[in-house]
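Trainee: model this:
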Amino acid sequence: MLSRLIICLSVATDLCILLVAIFVAKPLWILLLIILSAFIKGWYKYRLSSRKIDSFFRPKQLY
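Mentor: Next up, the predicted model:
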């Protein structure tokens, strides 16, 4: 009887921890996605601008 109660309690606490983790992690996941998308956009803009600068500063090839 006591072992069954302990198992029920441990399962219940595991479920509570899991629910709390999901509720806490949801905004973190959203924040992570926002940061990741902003980083990708910024990197893409940086690549485009660096490519323009590269073509500007690269000496013209003489044929």
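
Trainee: This protein: helices as residue ranges?
Mentor: Secondary structure of the chain (DSSP state H): helices at 2-57.

Trainee: Give me the residue ranges of it where confidence is low.
Mentor: In the predicted model, the chain carries pLDDT under 70 at residues 50-63.

Trainee: What is the neighbour count of residue 36?
Mentor: Number of residues near residue 36 (other C-beta atoms under 10 Å) recorded here: 10. For the C-beta atoms, the positions are set from N, CA and C on the backbone; glycine is no exception.

Trainee: repeat for the one 3 residues further on
Mentor: Residue 39 has 10 neighbours, counted by other C-beta under 10 Å.

Trainee: Kindly provide the distance from it to residue 3.
Mentor: 50 Å (C-beta to C-beta, to the nearest Å).

Trainee: Same question for residue 10.
Mentor: Applying C-beta to C-beta to residue 10 and residue 3 gives a distance of 10 Å.

Trainee: If you count surrounding residues, which of those two has more?
Mentor: More neighbours surround residue 10 than the other of residue 10 and residue 3, with 10 against 7 (other C-beta under 10 Å).

Trainee: Tell me how far the more buried one lies from residue 17.
Mentor: 10 Å.

Trainee: shared neighbours of these two, anything?
Mentor: With contacts defined as C-beta atoms under 8 Å, 6 or more residues apart in numbering, no residue is shared by residue 10 and residue 17.

Trainee: Go ahead and flag the most central residue of the protein.
Mentor: Taking C-alpha atoms, centre = their mean as the criterion, residue 32 is the residue nearest the geometric centre of the chain, at 3.4 Å.

Trainee: Quick check: the gap between it and residue 22.
Mentor: Counting by C-beta to C-beta, the gap from residue 32 to residue 22 is 15 Å.
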